[in-house]
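In: Sequence and predicted structure below; questions after.
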Amino acid sequence: MASIVPCKNKNHKAKSGFTLIELSIVLAIIGVVLASGLSVYGNRIAAERAQETARRLNMIEDALLLFRRTNGRLPFPANGATLTGSTLGVESSTVTTGLVLSGSAYIGVVPTRTLNLPDSMMLDAYGMKITYAVDGDCTVSWLTACGDTTVTTNIRINDASGTSRTVASTGMPVYALVSHGPNMRGGWQQKVAAQLGAAPPGTVYGSTLEAENANLDYIFRDMMIQETGVATTQFDDFVRWKVKNQL
Ligand SMILES: [Ca+2]
Ligand SMILES: [Ca+2]
């Protein structure tokens, strides 16, 4: 008859659980899985925000086209520094903080109420107001002066090297829309009457390349999005524009 023999192996107890080495391996694996999961999650959120921003820019462009066809002109911008009240999202020609005139371009934010869009469409998916610039001549009528190629201070869209992306034969841009992108620098804020600035990387409003889209003059930059993390070359803005004969 067999009898139960007590285990005399000194290591028996240790084998019933994890050793420190095993435990650290398991924790390391969990760490790697979590990190890759978070990275995938982060990438998905970034992609969704980019898609949502593009969708809103599409809707604003459609609304601008409809407005132009209905009214024979483009709207002035709304004031970017307006936070609440009856003038929020309403077009204005009053030049003051939040709405500037540079050359023949008025620069502010999207006049959502004038365009019959919800207030939320004033913002990109990063929570910043979308910049809207318009050739002032096109806010009056669609006459010669609107998008005139002979006027050098109409809205100008440059490429990465600073060369104009339009040529005389196609006319000058009549409007520009800018989402200031994931770094949000240079965008007018929802709850503070100022542009978001002064943070790394780069200059006050993002990199030197991006600052062109936030310095409130008639020149803008449209180029391939490149987030290098290097202050001088980062560019994450979404830029849309149209020349006169596209409307
Ligand atoms: Ca940016
Ligand atoms: Ca500029």
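Out: Ah, there it is. Ligands and ions are numbered 1, 2, ... in the order given.
In: Look up how far ligand 2 lies from the one residue in the chain that gets nearest to ligand 1.
Out: Closest approach between the chain and ligand 1, counting by C-beta to the ion: Gly181, at 3.6 Å. Yep, even glycine has a C-beta here, placed from its N, CA and C like the rest. Counting by C-beta to the ion, to the nearest Å, the gap from Gly181 to ligand 2 is 15 Å.
In: All the strands of the protein, residue numbers only.
Out: 100-102, 105-109, 131-135, 156-158, 173-179, 219-221, 238-243 (DSSP state E).
In: now the third one, how far from the chain's geometric center?
Out: Looking back up the chat, that one is strand 131-135. Strand 131-135 sits 15 Å away from the centroid of its parent chain (C-alpha atoms, centre = their mean, to the nearest Å).
In: I'd like to know which elements that strand is packed against.
Out: Counting contacts by 3 or more C-beta pairs under 8 Å, 6 or more residues apart in numbering; DSSP states H and E, strand 131-135 packs against strand 105-109, strand 173-179.
In: can you tell me which of those comes nearest to ligand 2?
Out: Across the helices and strands packed on strand 131-135, ligand 2 has its closest neighbour in strand 105-109 (8.4 Å, C-beta to the ion).
In: okay, the angle between that closest one and strand 173-179?
Out: Here strand 105-109 points in a direction 30 degrees away from that of strand 173-179 (axes from the mean of the first three to the mean of the last three C-alpha atoms, to 10 degrees).
In: what about strand 105-109, average pLDDT?
Out: The average of the pLDDT scores along strand 105-109 is 97.
In: anything in that strand near ligand 2?
Out: No: contact of strand 105-109 with ligand 2 (C-beta under 5 Å from the ion) is absent, the minimum separation being 8.4 Å.
In: Who are the packing partners of that strand?
Out: Judged by 3+ C-beta pairs under 8 Å, 6+ apart, strand 105-109 is in contact with strand 100-102, strand 131-135.
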